[in-house]
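Participant: For reference, the sequence and a predicted model appear below.
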Amino acid sequence: MYKNRAPNGRHNLCGSWVAALRKARTPKLSQRGLADMLQLGGLDVDKNAVQRIESGQRFVTDIELKALAQALNVTVEELLQV
């Protein structure tokens, strides 16, 4: 049987890193602020999508992963650290 989840049961590996990096920014970046940055980059995401990514309830595409890394000023590899 195939499992499309991380070992901890989440739907993505990067969500907890996205949340930590977003909160660590100075000034602190809100989920809406991150969604706005992603929308300016051409992604159709809203605050609820960011919340679901951070909580591990939503899968993240490779296109979204790249955009998240750019918005948070980190590498894709850093977002995938387990």
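Facilitator: Received, thanks. Numbers count the residues shown, from 1 in each chain.

Participant: low-confidence ranges in this structure?
Facilitator: 1 (pLDDT under 70).

Participant: List of residues touching stretch 53-62?
Facilitator: 4, 6, 8-12, 14-16, 18-19, 22, 31, 49, 52, 64, 68 (CB atoms under 8 Å, 6 or more residues apart in numbering). In short, each C-beta sits where N, CA and C put it, glycine included.

Participant: ah, wrong one, I meant stretch 6-19
Facilitator: For stretch 6-19, using CB under 8 Å, 6+ apart, the contacting residues are 4-5, 34, 50, 53-60, 65, 68, 72, 78-82.

Participant: now these: which count as buried?
Facilitator: Among the contacts of stretch 6-19, the ones that count as buried by 16 or more other CB atoms under 10 Å are 34, 50, 53-54, 56, 58, 60, 65, 68, 72, 79.

Participant: now those residues in a markdown table, with distance to Leu40?
Facilitator: A markdown table is the format used below for these (distance: CB to CB, whole Å):
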| residue | distance to Leu40 |
| --- | --- |
| Leu34 | 11 |
| Val50 | 14 |
| Ile53 | 17 |
| Glu54 | 19 |
| Gly56 | 25 |
| Arg58 | 20 |
| Val60 | 18 |
| Leu65 | 17 |
| Leu68 | 13 |
| Leu72 | 14 |
| Leu79 | 19 |
